[in-house]
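J.: sequence? don't have it. structure:
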Ligand code: XIL
């Protein structure tokens, strides 16, 4: 049977995965499967600020370059992830803000330089950039990050303007988790997107991470949510889909997981605006879930031996 990317090509959509660059270098099965199954890739970590500028003014693009090269060699597009986030910031930056040696004005310049430098480096080679990541709390208030504290809410519009100036053809996305359905958080994004677009700020997409857990149930009103962003003229994408469960996995849980993957995919395929569906890793061997959610795992399409789980089958059938 055809790999996922062949079916995705026929359907006119991108099927993507986050890529672990250590695994890509060391595990030939992982490397082959990443090339065979996907027509889009996202750096799981190596394009984040702490990776690309570990010391102030000292850049390390090696692994990010490697991914962009891999993608080109295998006919894959790249989703850039991510430019402005509260997490995985370099310690020189967080320490400098904390001890007052970097003031607000300097911080704004540092952010502008970071965005400009990274976006320009990959100009023409990134299809979609996650420009700002996880800026809202669950209740729809802006997250109390160093960006909000130091720069105020205008940092969001600034980030999009700077990214657009650096690569006018890249599609620029907002991105967050727990925004699959209609809720306070996704509504905050909807209002933000509407306002930014009315002001002429270059924001073209809404990225829905899609980190689900079967024990919490499937989110409500996913199609309605996609539709309202689409009505603003926005693109949409599922950017980090995985479906975790409380371990151990069993047949029933794996069947529920498969249906959750399929329902998110169906929501994407049912929306004209949604042309990209990315999973956050495709083998349980390299999933971030067990390291972060104690007692949970088995969140991806394949097990630790790369055997296809029921979810792989439902995704393939859905494409
Ligand atoms: C995660 C990676 O998967 C981990 O390897 C890393 O230790 C922490 O970050 N939302 C995001 C992603 O936007 O960047 C996160 O990735 C998962 C949650």
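T.: Great, that's in hand. Everything quoted here is computed from the prediction, not taken from an experiment.
J.: from here on, contacts and neighbour counts on C-alpha atoms
T.: OK.
J.: part of a helix, is residue 45?
T.: No: with DSSP: H, G, I helix; E, B strand; the rest coil as the criterion, residue 45 is coil rather than part of a helix.
J.: which residues are in contact with it?
T.: Listed by Cα atoms under 8 Å, 6 or more residues apart in numbering, the contact set of residue 45 reads 20, 51, 81.
J.: which residue sits closest to the first one, ignoring its sequence neighbours?
T.: The spatially closest residue to residue 20, leaving aside those adjacent along the chain, is residue 44, at 5.7 Å (Cα to Cα, 6 or more residues apart in numbering).
J.: contacting residues for the one you found?
T.: For residue 44, the contact set (Cα under 8 Å, 6+ apart) comprises 18, 19, 20, 21, 81, 280.
J.: most centrally placed residue in the protein?
T.: In the chain, the residue lying closest to the centroid (Cα atoms, centre = their mean) is residue 239, at 4.1 Å.
J.: residues contacting the strand or helix carrying residue 278, please?
T.: Per DSSP states H and E: residue 278 is located in strand 274-279. Strand 274-279 has contacts (Cα under 8 Å, 6+ apart) with 12-18, 40-41, 235-242, 265, 268-269, 300.
J.: quick one: strands adjacent to that strand?
T.: Note on strand 274-279: by DSSP bridges, its sheet partners are strand 14-19 (parallel), strand 235-246 (parallel).
J.: CSV for these, including distance to residue 229 and mean pLDDT?
T.: Below are the strands paired with strand 274-279 laid out as CSV (distance: least, Cα to Cα, whole Å; pLDDT from 0 to 100):
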stretch, distance to residue 229, mean pLDDT
strand 14-19, 19, 98
strand 235-246, 7, 99
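J.: so where do the helices sit in the stretch 1-150 of the chain?
T.: Secondary structure of the stretch 1-150 of the chain (DSSP state H, counting those that start in this stretch): helices located at 4-11, 21-26, 28-37, 49-52, 62-73, 91-98, 104-121, 146-151.
J.: turn those into TSV, including mean pLDDT, distance to residue 172 and mean neighbour count.
T.: TSV is the format used below for the helices of the stretch 1-150 of the chain (pLDDT from 0 to 100; distance: least, Cα to Cα, whole Å; neighbours: other Cα atoms under 10 Å):
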stretch	mean pLDDT	distance to residue 172	mean neighbour count
helix 4-11	98	22	18
helix 21-26	98	24	14
helix 28-37	98	25	16
helix 49-52	98	17	21
helix 62-73	98	18	17
helix 91-98	98	24	15
helix 104-121	98	11	17
helix 146-151	98	19	16
